[in-house]
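Visitor: The sequence and its predicted three-dimensional model are supplied below.
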Amino acid sequence: MSVLVTPLGVVGLIAVVYLVYIFANLSQRLGAVTKMPPYFRSFYVAMVLLSISTLARIIRSNPTLATQSSTGWLNSPTFDLAVYHAPFVVAVAISVGVAWRYWSWLFKEKLT
């Protein structure tokens, strides 16, 4: 089953990186109009962290397809946590926080 799902996980992460890139561009334009500080640069930090997570997913999928005894550390939970999960969680937290900073006015306008 993991052989079939592995490429889809990589494609999903690439889609998330592209989504954060779109948010960065839209937030940069909104910030230029409203003269906000350049918080949008944090989206680029999130994109780097998501790219690290994507590369870890690609590296991690290789032992899934061809298991070898020399790559045992790639299958360890510590590798997953340090190189895949932690950068992903930090990137999503940064993206949500910065997006909230730029786009929270939409919710305030809707309620009033």
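Guide: Received, thanks.
Visitor: May I ask which helix or strand encompasses the residue minimising distance to the centre of the chain?
Guide: Centroid-nearest residue in the chain: residue 50, 3.5 Å away (criterion: Cα atoms, centre = their mean). Per DSSP states H and E, residue 50 falls inside helix 41-65.
Visitor: what pLDDT, on average, does that helix get?
Guide: Helix 41-65 shows a mean pLDDT of 86.
Visitor: ok, residues contacting that helix?
Guide: Under the contact criterion Cβ atoms under 8 Å, 6 or more residues apart in numbering, helix 41-65 has outside partners 2-3, 6-7, 9-10, 13-14, 16-17, 20-21, 23-24, 27, 71, 74-75, 79-80, 83-85, 87-88, 90-92, 94-95, 97-98. C-beta here means a position set from N, CA and C on the backbone, and glycine is covered the same way.
Visitor: Now, those that are in helices?
Guide: Here DSSP state H is the test, and the contacts of helix 41-65 give 2-3, 6-7, 9-10, 13-14, 16-17, 20-21, 23-24, 27, 79, 87-88, 90-92, 94-95, 97-98 as lying in helices.
Visitor: Count the neighbours of the residue nearest to residue 13 when sequence neighbours are not counted for me.
Guide: Counting by Cβ to Cβ, 6 or more residues apart in numbering, residue 13 lies nearest to residue 54, which is 4.3 Å off, once chain neighbours are set aside. Neighbourhood size, residue 54 [other Cβ atoms under 10 Å]: 21.
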